[in-house]
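# Let's see this in three dimensions:
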Amino acid sequence: MLARLLKTVSFPAVLAVIACATTGQFKDDETTAVQVCSQRDPVDSCDYFGLVGLQEAIDQSTSDRRILIKTGTYTPTSYRDVPFQDLHVRGAVVVRDRKLSIEAEQGARLVGSAGFPLSAIVIEDSTVQISGLTISGFHYAVAEDDTYDGHGIFTINSDVSLDGVVIEGVAKMALTGREAGRIVARNLTINNSHLGVWLEETAAIDLIDSEIIASESAAVAAYGASSARVENSLIKGNQDDGLYTEDTARIISRETTLQDNSPFGARASGESVILICGGEVSGNAEDYGEEDAGRVYRNEVDMCLPG
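Numbering: from 1, shown residues only. Below you'll find the model as predicted:
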């Protein structure tokens with residue numbers, strides 16, 4: 001399965017295009033959100049402008065800073081490379097060693113393009129809340145090389161909360177958890193991307209009241225010793241399993257619909273486990289698959305107790 005082995009990519013080093021510099025200073029009142037607008041406008045009172053401005057706001061942030069992204073389209077013109085293991089992650093927006101919240105107004109969109117391959121947001125060693133943001137159209141240059149590009153949100157050893165975020169049309173993994181991080185995602189929508197949620201090492205996710213639809217690969221794929229809790233969500237029309245586990249990974253699905261996925265609604269391999277507790281499982285090419293010592297348990301009363 002391509003998605004299971006995919007190590008992202010990027011074409012040979014492309015010189016970063018240096019965007020228009022923006023200068024802004026944080027307001028003294030820590031409770032006031034710093035505002036970012038998509039472009040300069042005399043009627044706006046924003047502190048920063050464009051994605052370069054958003055990056056500057058993040059870089060200058062103090063602990064618990066609130067950043068408000070105003071309605072508009074934000075298109076990358078530059079990037080940063082974040083070293084990760086023996087590769088690097090190329091991001092339009094990078095958050096490192098920060099504690100902050102990013103709130104987006106309705107209609108605020110980060111939009112990538114095939115002509116400028118990179119990932120949308122990279123978060124490392126940080127505590128971050130993101131709400132209301134739409135991410136779309138991020139691409140990679142080469143299928144496999146030493147660069148992770150074409151991702152939506154790529155988290156490394158971070159605590160990340162997402163609420164009302166939409167990720168669509170992303171060429172690689174829409175949402176990634178790596179190392180010891182934890183993601184809590186509510187009202188998350190992922191559609192028409194390569195793979196929905198990718199977890200490795202000991203990363204974990206709580207996916208609640210969310211939907212992952214029409215992925216080219218799996219909706220949720222967990223490897224290593226990672227884990228996922230999927231609750232009250234819709235996993236539909238994904239083309240390489242709804243839920244997939246490998247190695248010693250664990251997924252528990254509570255009151256979640258697994259529908260019209262192929263080849264399986266839920267498949268466990270290696271020594272991994274998937275636990276299905278309630279919810280509809282229907283219309284899949286096959287509902288359940290087990291490989292090696294992997295096991296899919298369905299509605300086991302003792303195993304499905306809360307806690």
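# Against which helices or strands is the longest strand seen in the chain packed?
Assignment by DSSP state E gives strand 87-96 as the longest strand of the chain. Under the contact definition 3 or more C-beta pairs under 8 Å, 6 or more residues apart in numbering; DSSP states H and E, strand 87-96 sits against helix 50-59, strand 80-84, strand 119-124, strand 147-148, strand 153-156. Using the backbone N, CA and C atoms, a C-beta is placed for each residue, glycine as well.
# Dump these to a markdown table, plus distance to Ala108 and mean pLDDT.
Formatted as a markdown table, the helices and strands packed on strand 87-96 follow (distance: least, C-beta to C-beta, whole Å; pLDDT from 0 to 100):
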| stretch | distance to Ala108 | mean pLDDT |
| --- | --- | --- |
| helix 50-59 | 10 | 96 |
| strand 80-84 | 21 | 96 |
| strand 119-124 | 13 | 98 |
| strand 147-148 | 24 | 94 |
| strand 153-156 | 15 | 98 |
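# For the ones you listed, give me TSV that also has mean neighbour count and distance to Arg66.
Converted to TSV, these look like this (neighbours: other C-beta atoms under 10 Å; distance: least, C-beta to C-beta, whole Å):
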stretch	mean neighbour count	distance to Arg66
helix 50-59	22	10
strand 80-84	16	22
strand 119-124	28	16
strand 147-148	26	28
strand 153-156	26	19
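# With distance to Gly132 as new columns, can those be given to me in CSV?
Shown next, in CSV, are the helices and strands packed on strand 87-96 (distance: least, C-beta to C-beta, whole Å):
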stretch, distance to Gly132
helix 50-59, 14
strand 80-84, 24
strand 119-124, 14
strand 147-148, 25
strand 153-156, 14
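# My guess is Val166 contacts Ile130. True?
No: between Val166 and Ile130 there is no contact under C-beta atoms under 8 Å: 11.1 Å.
# next structured bit after the helix or strand containing Ile276?
Element membership for Ile276 (DSSP states H and E) is strand 273-277. Downstream of strand 273-277, the first helix or strand assigned by DSSP H and E is strand 281-282.
# how far out from the middle of the chain is that following strand?
With C-alpha atoms, centre = their mean, to the nearest Å as the basis, strand 281-282 stands 25 Å off its chain's centre.
# Partner strands of that strand and their direction?
Neighbouring strands of strand 281-282 in its sheet, by DSSP bridges, are strand 257-259 (parallel).
# List the contacts of the partner strand.
Strand 257-259 is contacted by residues 233-237, 242-243, 265-266, 276, 279-284, 287 when judged by C-beta atoms under 8 Å, 6 or more residues apart in numbering.
# pLDDT of that strand, averaged?
For strand 257-259, the mean pLDDT works out to 98.
# for the helix or strand just after that strand, which positions count as buried?
Once strand 257-259 ends, the next helix or strand along the chain (criterion: DSSP H and E) is strand 264-268. Using 16 or more other C-beta atoms under 10 Å as the test for burial, strand 264-268 gives 264-268.
# Is Glu300 located within a strand, as I assumed?
No: according to DSSP: H, G, I helix; E, B strand; the rest coil, Glu300 belongs to no strand; its state is coil.
# quick one: it from Ala143, how far?
40 Å (C-beta to C-beta, to the nearest Å).
# What lies in contact with whichever strand or helix holds Gln129?
Using DSSP H and E, Gln129 sits in strand 127-131. Identification of contacts with strand 127-131 by C-beta under 8 Å, 6+ apart yields 95, 98-104, 121, 153, 158-165.
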